[in-house]
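Trainee: Take a look and give me a structure for this.
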Amino acid sequence: MDKKQPNPVGRPRSEEARDAVLNAVDDLLVEIGYAAMTMKNIAERAGVSRQTVYRWWSTKGQILFEACAIDAKDELTISPSGDLRTDVSNYLEALVVFLTASPAGLAYRALIGEAQHSAEIADLLKTADLLGDSARAVVAGHKVGSSRDQAADLAITRLVAPVFYWILSGRDPAALSTKRLAREFLAALS
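Mentor: Below is the predicted model of the structure:
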């Protein structure tokens, strides 16, 4: 006989609600954009009360940033091949896809745009370097830019910046050669 378990109360349901909010903000960004998104329609889409949303976040930017950070960690993690050029090229390919085709990348681009006139969003983006940290993880095993000193930060910037600038300035991502960019990055380090 299969006994039906009672629904759990407390934290487990709260985590379900939290996940629903993180998914809702991604969906709304794609459907209506950042400017039209409100805490009210995030709560409605997630099927939770606004009080539940405000339990974890005080702004839609905070929700979007957290959802973006979680997805970026997954989408920008590559399997190491043991060859730095291959790893850098694979990372750059993942970065192009993230910035052009991923809802998380769309979220990141929206936050970058909003940060240009919102000190709150600019400060939020300073709390975690999504692209820099993912790039550091790629080159860390090869002792290139894996620390947090100024030289390492410049090396990581040299890796990420060409793709980032290309995409954010509206250029055709198909015109990028990640293999060439990887080759140029490694040559600049030599």
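Trainee: What is the neighbour count of R85?
Mentor: 14 (other Cβ atoms under 10 Å). Backbone N, C-alpha and C define where each C-beta goes, glycine included.
Trainee: Domain map for this protein?
Mentor: 11-58, 65-189 (automatic domain parsing).
Trainee: how far out from the middle of the chain is the shortest one?
Mentor: Meaning domain 11-58. In terms of Cα atoms, centre = their mean, to the nearest Å, the centre of domain 11-58 is found 17 Å from the chain centre.
Trainee: Equivalent analysis for the last one, please.
Mentor: Here domain 65-189 is found 9 Å from its chain centre; the criterion is Cα atoms, centre = their mean.
Trainee: Can you redo the domains of the chain as JSON lines, where the extra columns are mean pLDDT?
Mentor: As requested, these are arranged in JSON lines below (pLDDT from 0 to 100):
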{"stretch": "domain 11-58", "mean pLDDT": "91"}
{"stretch": "domain 65-189", "mean pLDDT": "90"}
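Trainee: residue closest to the middle of the protein?
Mentor: The chain has A72 as the residue nearest its centroid, 3.5 Å off, counting by Cα atoms, centre = their mean.
Trainee: ok, and the closest non-adjacent residue to it?
Mentor: L130 (4.6 Å; Cβ to Cβ, 6 or more residues apart in numbering).
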